[in-house]
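[1] Got a predicted structure plus its sequence, pasted below:
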Amino acid sequence: MFKFKFPILILLVLMPLPLFAFGFGRHGKSNYTEPVGMDLSNLTIEDGVYTGTADGFRAGLIVEVTVEGGIISHIDVVDHNEVGRQYWQTPINIIPGVIVEKEQSVVDVVSGATATSKAIMSAVEDALNKI
């Protein structure tokens, strides 16, 4: 009777170890810059290119916000220190265009790339707050 309980007990104790060995619970970073939300349709901005920074998965995401005719015409991520192309490539390609289209600094994040998505939004706000 005891011989069957002991292997089950060992198995239950050791089973969670691979989860921690492969980084379970350590993947994400919780201290990325949070955007506050800005309505970009009502801004009165001089034409020009404005630079903003924010922290994503890593610090140092930089955007350039181009204003033409008093409205934001283009947003470009010019530098970043994000890791894992599979995580940062989609938000860098999509989020700036959605911000321009929706005229809102906060838009839906790319699933699996929350930190990079929110850093782009926050960097846009940072650029506009410097005006």
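    Nice, I can see it. Numbers count the residues shown, from 1 in each chain.

[2] how near is A127 to V49?
    9 Å (CB to CB, to the nearest Å). Glycine gets a C-beta too; all of them are placed from N, C-alpha and C.

[3] and T53, which of the three is it?
    strand (DSSP: H, G, I helix; E, B strand; the rest coil).

[4] Contact partners for it?
    G60, L61, I62, V63, A123, D126 (CB atoms under 8 Å, 6 or more residues apart in numbering).

[5] from those, which is closest to R85?
    L61 (14.7 Å; CB to CB).

[6] remind me which residues of the chain are low pLDDT?
    Filtered on pLDDT under 70, the chain yields the residue ranges 1-30.

[7] For it, which segments count as helices?
    2-14, 17-21, 85-102, 114-129 (DSSP state H).

[8] mind listing what N93 touches?
    No contacts exist for N93 under CB under 8 Å, 6+ apart.

[9] Please report the distance of it from N42.
    Taken as CB to CB, the span from N93 to N42 is 27 Å.

[10] Same question for I95.
    Taken as CB to CB, the span from I95 to N42 is 21 Å.

[11] Next, the contact list for R58, please.
    So R58 contacts K29, H80, N81, E82, V83 (CB under 8 Å, 6+ apart).

[12] now it: how far from V106?
    On the measure of CB to CB, R58 and V106 end up 21 Å apart.

[13] swap in Q86?
    For Q86, the distance to V106 - CB to CB - is 24 Å.

[14] The two: which has the busier surroundings?
    Taking neighbours as other CB atoms under 10 Å, Q86 and V106 compare with V106 leading, 19 against 9.

[15] Would you list the phi and psi of that one?
    The phi/psi pair for V106 (degrees, to the nearest 10) reads phi -110, psi 120.

[16] What are the neighbouring residues in contact with it?
    P35, V36, G37, M38, M121.

[17] what's the answer for E82, then?
    Counted by CB under 8 Å, 6+ apart, E82 has contacts G56, F57, R58, L61, W88, I92, A115, T116, A119.

[18] nearest residue to G69 other than its sequence neighbours?
    D47 (7.0 Å; CB to CB, 6 or more residues apart in numbering).

[19] Cool, thanks, talk later.
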